[in-house]
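J.: Sequence isn't available, so here's the structure alone:
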């Protein structure tokens, strides 16, 4: 038998489907801080489809920064809520500095591969202006990556628009 | 060192055969980032999320055993450079042998198994290996497009973290030789046959467990000279005393994740 050599294959993605809740939604996963912690920020938002309708229960989000990791599913009213600590800026080897941010991954029914975006902080205007990733984004779409101030102190609103008007900027490894 | 390129064969985000993607697939092209731009994000600290011993055995989470074909799902996780992904969390979830999830969103009314939840966790070992014991999930009916009846082939959902944010993966493992594979729109959405084949667990005779014979303190139920069932067994009503039989059919599912830079690219300020 001739040994026909094929390139290796990165294991393909498949949707999480809608039935992940009983396995992935561990108690406490939606908070990396308690509300009393001095660096704690509450973030709430919705994930909107192309018709502008919030997706309830069928999607979940992960917030990553350093060792912080939070996972949250949208509730029946379509809203998710996490409590996270605001991270420090990160200096790259080339000297450029990433403004404080979370990497956000979105999974769910109808997403054959998870979507990757970032959430920046609205009170970090100067740092955001120098951020090398925001720099790569068309100026008129940058606002989709910056959370909006909420109604309370250290409270943010971060909505994700999967498509359509105000579609959130998503990233892909080149 | 020359590393052969590794191919990607993900399903398209917009899949006409999977109607709900129509309003969920982004229309704008993604902004491309070099892979090393994600290398500052190491895998999360799993303190709150780790697996404890026993979480990898989905057949041992209840007082009695679940119904179904007991299977071992095992394999090795490597990164884009062929190196093992060590000490990394894997989460799995699945339907029971009848094709029913315990999740309340499962709408189809197939029977629940009181002895099966269908959620498991484990950490890869120092060489990237993992191993779960479970039952083979049943296929189940579904709609990809409302009104158009279809099957989902038997599958187990896998969630992997790997060395960093760029290596995050959720996928599904299918079973080699399953006649339902061609019916499954989720799998068939991967355009390339080799891509689809890379999601198959492969039967592995050597890793399978055949566990027959006498329980401790009992005589062999078969006569060694003749092969007949012994009179002692025939005299017992119900056969040999019940014991947990470890027999299981093994399927090997190796996984290759993106990412895994050899050197850290950034330092925290």
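T.: Right, received. Where do you want to start? These figures come from a predicted structure and were not determined experimentally.

J.: Quick check: phi and psi at residue B:20.
T.: phi -70, psi -20 (degrees, to the nearest 10).

J.: Kindly report the same for residue B:142.
T.: Torsion angles, degrees, to the nearest 10, at residue B:142: phi -160, psi 180.

J.: partners of the nearest residue to it once chain neighbours are set aside in the sheet?
T.: Taking C-beta to C-beta, 6 or more residues apart in numbering or on different chains, and ignoring the residues beside it in sequence, residue B:142 has residue B:152 as its nearest neighbour in space, at 5.2 Å. C-beta: built from backbone N, CA, C; applies to glycine. Taking DSSP bridges, one obtains residue B:140 as the residues bridged to residue B:152.

J.: and residue A:128, what element?
T.: If you go by DSSP states H and E, residue A:128 is part of helix A:125-129.

J.: What is the following helix or strand past that helix packed up against?
T.: As assigned by DSSP H and E, the chain's next helix or strand after helix A:125-129 is strand A:148-149. Applying 3 or more C-beta pairs under 8 Å, 6 or more residues apart in numbering or on different chains; DSSP states H and E, one finds that strand A:148-149 contacts strand A:155-157.

J.: the strands in chain A, which residues?
T.: A:9-10, A:40-48, A:59-65, A:68-73, A:79-85, A:90-92, A:97-98, A:101-108, A:115-120, A:148-149, A:155-157, A:160-161, A:171-173 (DSSP state E).

J.: thinking again about what came up before, quick one, what contacts the residue nearest to residue B:142?
T.: B:99, B:139, B:140, B:141, B:142, B:180, B:184, B:186 (C-beta atoms under 8 Å, 6 or more residues apart in numbering or on different chains).

J.: at 6 Å what do you get?
T.: B:140, B:142, B:184 (C-beta atoms under 6 Å, 6 or more residues apart in numbering or on different chains).

J.: ok, now residue B:106?
T.: Residue B:106 neighbours (C-beta under 6 Å, 6+ apart): residue A:19.

J.: so is it in a helix, a strand, or just coil?
T.: coil (DSSP: H, G, I helix; E, B strand; the rest coil).

J.: For it, what are phi and psi?
T.: Torsion angles, degrees, to the nearest 10, at residue B:106: phi -70, psi 120.

J.: do you know how far it is from residue A:15?
T.: 15 Å (C-beta to C-beta, to the nearest Å).

J.: got it, and residue A:133?
T.: 27 Å.

J.: ok, the two, which is more surrounded?
T.: Neighbour totals were compared for residue A:133 and residue A:15, and residue A:15 leads with 26 against 19 (other C-beta atoms under 10 Å in any protein chain shown).

J.: wait, that one sits on residue A:112?
T.: Yes. Assessed by C-beta atoms under 6 Å, residue A:15 is found in contact with residue A:112 at 5.3 Å.

J.: Between those two, which contacts overlap?
T.: With contacts defined as C-beta under 6 Å, 6+ apart, no residue is shared by residue A:15 and residue A:112.

J.: Give me the residues contacting the helix holding residue A:128.
T.: Contacts of helix A:125-129 (C-beta under 6 Å, 6+ apart): A:89, A:99, A:120, A:134.

J.: Show me what counts as buried in it.
T.: For helix A:125-129, a neighbour-count test (16 or more other C-beta atoms under 10 Å in any protein chain shown) marks A:127, A:128 as buried.

J.: Quick one: mean pLDDT over that helix.
T.: Mean pLDDT, helix A:125-129: 97.

J.: now stretch A:46-61
T.: Rounded mean pLDDT across stretch A:46-61 is 97.

J.: Any residue of the longest strand seen in chain B touching chain A?
T.: Longest strand of chain B, by residue count under DSSP E: strand B:70-78. No. Using C-beta under 6 Å from any C-beta of the partner chain, no contact is recorded between strand B:70-78 and chain A, whose separation bottoms out at 8.8 Å.

J.: Return the distance of whatever helix or strand comes next after that strand from the chain's centre.
T.: Downstream of strand B:70-78, the first helix or strand assigned by DSSP H and E is strand B:89-94. In terms of C-alpha atoms, centre = their mean, to the nearest Å, the centre of strand B:89-94 is found 7 Å from the chain centre.

J.: Any residue of strand B:89-94 touching chain A?
T.: Yes. On the criterion C-beta under 6 Å from any C-beta, strand B:89-94 is in touch with chain A at residue B:93.

J.: Now the element after that strand, going C-ward?
T.: Next element after strand B:89-94 (DSSP H and E): strand B:119-123.

J.: for chain A, what are the nearby residues on the stretch 51-200 of chain B?
T.: B:93, B:101-103, B:105-106, B:119, B:165-166, B:168, B:170-172, B:186, B:190, B:195, B:198.

J.: let's go with 8 Å and repeat that
T.: B:80, B:91-93, B:101-106, B:117-119, B:157, B:159, B:165-166, B:168-172, B:186-187, B:189-190, B:194-196, B:198-199 (C-beta under 8 Å from any C-beta of the partner chain).

J.: Mind checking which of those are buried?
T.: B:80, B:91-93, B:101-103, B:106, B:117-119, B:157, B:159, B:165-166, B:168-172, B:186-187, B:189-190, B:195-196, B:198-199.

J.: what's the closest residue in space to residue B:70 that isn't next to it in sequence sitting at in phi/psi?
T.: Distances taken as C-beta to C-beta, 6+ apart put residue B:248 closest to residue B:70, at 4.2 Å, once the chain neighbours are dropped. Dihedral pair for residue B:248: phi -160, psi 140, per degrees, to the nearest 10.

J.: doesn't residue B:71 make contact with residue B:248?
T.: Yes. Between residue B:248 and residue B:71 there is a contact under C-beta atoms under 8 Å: 5.7 Å.

J.: Give me the more crowded residue out of these two.
T.: More crowded of residue B:248 and residue B:71, by other C-beta under 10 Å: residue B:71, with 24 against 21.

J.: OK, contacts around the more buried one?
T.: Residue B:71 neighbours (C-beta under 8 Å, 6+ apart): B:133, B:134, B:135, B:136, B:248, B:249, B:250, B:251.

J.: so who does the fourth one touch?
T.: For residue B:136, the residues meeting the contact criterion (C-beta under 8 Å, 6+ apart) are B:68, B:69, B:71, B:97, B:154, B:175, B:249.

J.: go again using 6 Å as the cut-off
T.: Applying C-beta under 6 Å, 6+ apart, the residues near residue B:136 are B:68, B:69, B:71.

J.: And it, how far from chain A?
T.: 17 Å (C-beta to the nearest C-beta, to the nearest Å).

J.: what's the answer for the third one, then?
T.: Applying C-beta to the nearest C-beta, one obtains 15 Å for the distance of residue B:135 from chain A.

J.: ok, now the last one?
T.: In this structure, residue B:251 and chain A are separated by 15 Å, where distance is defined by C-beta to the nearest C-beta.

J.: before we move on, what about the second one?
T.: From residue B:134 over to chain A the distance is 12 Å, taken as C-beta to the nearest C-beta.
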